[in-house]
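1. Let's see this in three dimensions:
(chains A and B)
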Amino acid sequence: MTTSRKISTAARSSEIWSISTDMDSDPEETDNTPLDQSFGKKKKRTIYTAGRPPWYDSEGQGKEAFVIGLAGGSASGKTTVAKKIIESLNVDWVGLLSMDSFYKVLTPEQHEAAARNAYDFDHPDAFDFELMATTLRNLKNGKRVDVPVYDFATHSRAKYSRTMYGANVILFEGILSLVNKELRELMDLRIFVDTDSDIRLARRLRRDIAERGRDLKGVLKQYNTYVKPAFQQYIEPSLQYAHIVVPRGGENTVAIQLIVQHVKDRLHQRGFDVRSKLLSEQASVDHDSLKILPETKQVCGMHTIIRNKDSNRDDFVFMTNRLACLVIEYSLSFLPFEDYTIDTPQGVPYNGKKFTGKLCGVTILRAGEVLEPALMSVCKDVTIGKILIQTNDQTENPELHFLRLPGDISSSHVILMDATVATGAAAIMAIRVLLDHDVPQERILFVSIIASKLGIQNVAYAFPQIKIITTALDPTVNDSYHILPGVGNYGDRYFGTGSSD
Amino acid sequence: MEQQEEEEECISSAETSPSLSPKNALLTMAGNMDEAYKSSILSFPNLKLLECHGQIRELQTIIRNKSTTRNEFIFCADRLIRIVVEQGLDCIPTYECTVTTPTGMKYTGVKFEKMTCAVSIVRSGEAMEKGMRDCFRSICIGKILIKRDTDTNVARVYYAKFPSKIEHRTVLLLYPVLETGATVKAAVKVLKDHGVQEKNIVFVNLFSSFKGVESLLKKYPEITMLTSEVHEFCPNHFGQKYFGVS
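-> The predicted structure follows:
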């Protein structure tokens, strides 16, 4: 019977999706955020939509996600209500966290009892509430969390965990989700799905017998021994903590629409328009964090070729690679090095230096990739994460679309790479992502080839402890966010995807 | 004009270099070296020392470490070479020029004079050619083969082949380790004999000794010398380890 239980929970695994994606996610997805994109075509170019808009203000400070708690008896329709809310919200980046992920690991004896239908999965003791609260709190604070994947076949946690990151709205569902005070305090909206117990029993009978091949007697026994007492003792009393009670579950479209409207209103109050704020904000900051590659004649000569609109792509790519090597080497000099004495073949000790920390690179797609070969050529085995950020044509705000980061990033020094910094909007988003993954500001080196004064000001103002490294500082940005005098679209020129090529 | 000739020449470096071959002599020399002497060497106007950041010191440490594998040695040597070569290329003369950027704005930059070439001293100088090509794809590269008799400390030029019109060019002379200075002085002399002006020679080097710098720059004060480190001891196993042949 254990395998059937596993199937039933596939629909309830914890995950994040953007609204336009299919609800059926792949339960085998093990690592980072599963994000599917819907495609749109514009001017012969494929563009991505459904990215995550800024979840922080123009100072880079994150706002808490909106948490909705969903409770109700077994087979009351919590999952249906959750899905309908997600569908109607029309908000990207909604996370669904299920209590089923937080079952405790069973001892061999308990595991055997579970096989005989003699383990109480409906009692609060069956859940790890401490881990649940920590996970939900971190998720609410915008942090990346690792949600355990519970294996019902062995009643233990799988070796891999599911990473959840980046939800503006979190739905937390489970039979006992309103029972625990700590969890309740994290919820901005608490919903109780109240379905008649006869209907719930009928659904449970149909589900367990038809879908899971169990016999009537066994199902009734489990219902009477565990499910019903747990409902009466724990679940039903938790109704008093609900803000809203939804009778009849998923069929109740009026109640769901009311909830959705409320959530939308609350989200609207938190809305951010980062780019226009960044463009207007002229807060002057001391650029202690800004480091510019010494402008030698060679650097100037490389810039002359890179900036010339008539340069051929061969020269452009060659000079970019050369400049990238220089700026990466220069960036590495800001890492902390320790004294290190070695023996030489000359028989005399030499007092040298050694970098003892860990290093990884993160590129902001697509233009950041122009710096990647340079990093790989000086640090042979460096791990490289990627972040895809695109500007939404309508709102002109940056949106996060894709993310794969090294697992040990929180203990590494991170070289964040982008070719150009215009307003700094994409950089701020990428840095916010790194901070959400517990990388301290002091360990981030943000490297670019050309930056505007405005962009540097914005990034340095939001994150004063980050080192910003570039090879040239340009005075202004035009209305279409291009740096002046600048280089044009760096990615298009480097990869040869511009309209003229 | 194509130069092809074999010169055999005897250069005595006795006037500036004490007898240097045994290690003991080096140690004695280091012991006698005071800070005033060191700073007098470092204040040669034409000596350009690479700004020493942690990551450059780390590269030097790995290159000098006797337990470094050859693979790691070559990788780090190539990295350091590239950094030094970029600095060396900075000595090429330039002229100002203005270009238009894709945004329609003007950008005032520089272009480099065409007459430049590199000359590597066989064998360890050839280790620097790859780094040179990585930065300047089409540069002409000449070669000089010099052998030094360790007993008599006499450097002999066996072979030299240079690009045409070398007398009009800026020459980047490549040699990674400057210990006594005898080899490099022999190379500079060959270049001068071919009409290259002393001020147009840029000596690109990784490691040098104080004595080597003193010996070279006192004899040829107009050349520009660029190095990553001036130290009492040189990693004189460089060429051997880079090419894997003693």
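
2. Give me the below-cutoff pLDDT ranges for the stretch 401-501 of chain A.
-> Applying pLDDT under 70 to the stretch 401-501 of chain A picks out residues A:499-501.

3. go again using 50 as the cut-off
-> Scanning the stretch 401-501 of chain A for pLDDT under 50 picks out the ranges A:501.

4. can you map out the helices along it?
-> Here the stretch 401-501 of chain A has its helices, by DSSP state H, counting those that start in this stretch, at A:425-436, A:453-462, A:490-495.

5. Turn the ones you listed into CSV, columns for mean neighbour count.
-> Where C-beta positions appear, they are placed from N, C-alpha and C, glycine not excepted. Shown next, in CSV, are the helices of the stretch 401-501 of chain A (neighbours: other Cβ atoms under 10 Å in any protein chain shown):
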stretch, mean neighbour count
helix A:425-436, 25
helix A:453-462, 23
helix A:490-495, 20
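
6. Let me know which of those helices is the nearest to B:Thr183.
-> Nearest to B:Thr183, of all the helices of the stretch 401-501 of chain A, is helix A:490-495, at 42.3 Å by Cβ to Cβ.

7. what helices or strands is the closest one leaning on?
-> helix A:313-332 (3 or more Cβ pairs under 8 Å, 6 or more residues apart in numbering or on different chains; DSSP states H and E).

8. The helix it packs on and chain B, are they touching?
-> Yes - counting by Cβ under 8 Å from any Cβ of the partner chain, contacts between helix A:313-332 and chain B involve A:318, A:322, A:325-326, A:329-330, A:332.

9. Now neighbour count and pLDDT too, for these, in a markdown table please.
-> Formatted as a markdown table, these follow (neighbours: other Cβ atoms under 10 Å in any protein chain shown; pLDDT from 0 to 100):
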| residue | neighbour count | pLDDT |
| --- | --- | --- |
| A:Phe318 | 19 | 94 |
| A:Arg322 | 24 | 93 |
| A:Cys325 | 22 | 94 |
| A:Leu326 | 23 | 94 |
| A:Glu329 | 23 | 93 |
| A:Tyr330 | 21 | 94 |
| A:Leu332 | 26 | 93 |
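
10. wait, which of those residues is closest to A:Gln110?
-> So of the residues of helix A:313-332 next to chain B, ranked by how close each gets to A:Gln110 (Cβ to Cβ), first place is A:Leu332, at 52.7 Å.

11. Touching, the closest one and B:Leu59? I think so.
-> No - in this structure, A:Leu332 is not within contact of B:Leu59 by Cβ atoms under 8 Å, at 9.8 Å.

12. how near is the residue of chain B most remote from its centre to chain A?
-> Going by Cα atoms, centre = their mean, the residue of chain B most distant from its centre is B:Gly104, 42.0 Å out. From B:Gly104 over to chain A the distance is 8 Å, taken as Cβ to the nearest Cβ, to the nearest Å.

13. Tell me, what's the model's pLDDT at that residue?
-> Looking at B:Gly104, its pLDDT reads 88.

14. elements contacting whichever strand or helix holds B:Phe203?
-> Using DSSP states H and E, B:Phe203 sits in strand B:201-204. Contact partners of strand B:201-204 among helices and strands, from 3+ Cβ pairs under 8 Å, 6+ apart: helix B:70-89, strand B:170-174, helix B:182-193, strand B:224-227.

15. Most tightly packed of those?
-> A comparison of the helices and strands packed on strand B:201-204 by mean neighbour count, using mean count of other Cβ atoms under 10 Å in any protein chain shown, puts strand B:170-174 on top with a mean of 26.

16. neighbouring strands for whichever helix or strand comes after it, and are they parallel or not?
-> For strand B:170-174, the following helix or strand on the C-terminal side (DSSP H and E) is strand B:177-178. Using DSSP bridges, strand B:177-178 pairs in its sheet with strand B:207-209 (parallel).

17. quick revisit: look at the residue farthest from the centre of chain B and tell me its secondary structure.
-> Here B:Gly104 is recorded as coil under DSSP: H, G, I helix; E, B strand; the rest coil.

18. Surely A:Leu216 is in contact with A:Leu205?
-> Yes - between A:Leu216 and A:Leu205 there is a contact under Cβ under 8 Å: 7.1 Å.

19. And the two? Which one has more around it.
-> The neighbour count for A:Leu216 versus A:Leu205, taken as other Cβ atoms under 10 Å in any protein chain shown, is higher for A:Leu205 (16 against 10).

20. which residues touch the more buried one?
-> A:216, A:219-220 (Cβ atoms under 8 Å, 6 or more residues apart in numbering or on different chains).

21. Mind checking which of the residues you listed land in strands?
-> Judged by DSSP state E, strands contain none of the contacts of A:Leu205.

22. wait, which of the residues you listed is closest to chain B?
-> A:Val219 (65.6 Å; Cβ to the nearest Cβ).

23. wait, isn't that closest one in contact with A:Arg206?
-> No - applying Cβ under 8 Å, one finds A:Val219 not in contact with A:Arg206, separated by 9.8 Å.

24. Show me which of those two is the more surrounded one.
-> A:Val219 (20 against 12).

25. for that one, what are its contacts?
-> A:204-205, A:208-209.

26. sorry, back to before: which pair in the residues of helix A:313-332 next to chain B spans the largest distance?
-> A:Phe318 and A:Leu332 (21.8 Å).

27. ok, which stretches of chain B are helices?
-> For chain B, the helices defined by DSSP state H cover B:23-32, B:35-42, B:54-64, B:70-89, B:129-135, B:182-193, B:210-219, B:238-243.

28. which parts of the second one are buried?
-> Okay, so that is helix B:35-42. B:Ile41 (16 or more other Cβ atoms under 10 Å in any protein chain shown).

29. For it, name the packing helices and strands.
-> By 3+ Cβ pairs under 8 Å, 6+ apart, helix B:35-42 packs against helix B:210-219, strand B:229-231.

30. do the fifth one as well
-> Contact partners of helix B:129-135 among helices and strands, from 3+ Cβ pairs under 8 Å, 6+ apart: helix B:70-89, strand B:116-122, strand B:170-174.

31. what about A:Asp188, distance to A:Lys140?
-> To A:Lys140, A:Asp188 is 9 Å away according to Cβ to Cβ, to the nearest Å.

32. list residues touching both of these two?
-> A:Val67.

33. more neighbours, the two?
-> Comparing A:Asp188 with A:Lys140 by other Cβ under 10 Å, the one with more neighbours is A:Lys140, at 20 against 17.

34. which residues does that one contact?
-> Contacts of A:Lys140 (Cβ under 8 Å, 6+ apart): A:64-65, A:67, A:170, A:186.

35. ok, so of the residues you listed, who is nearest B:Val157?
-> For the contacts of A:Lys140, the closest approach to B:Val157 (Cβ to Cβ) belongs to A:Ala65, at 74.6 Å.

36. is it true that A:Thr79 lies in a helix?
-> Yes - A:Thr79: assigned to a helix according to three-state DSSP.

37. can you pull the pLDDT of it?
-> 85.

38. And for it, the neighbour number?
-> With other Cβ under 10 Å as criterion, A:Thr79 counts 20.

39. so it makes contact with A:Glu173?
-> Yes - judged on Cβ under 8 Å, A:Thr79 makes contact with A:Glu173 at a distance of 6.7 Å.

40. Below-threshold pLDDT in the chain: ranges please.
-> Let's take chain A. Looking along chain A with the criterion set at pLDDT under 50, you get A:1-11, A:17-49, A:501.

41. oops, chain B please
-> Applying pLDDT under 50 to chain B picks out residues B:1-28.

42. Ignoring the adjacent residues along the chain, who's closest to A:Asp120?
-> In this structure, A:Asp120 finds its nearest non-sequential neighbour in A:Tyr226, 4.7 Å apart by Cβ to Cβ, 6 or more residues apart in numbering or on different chains.
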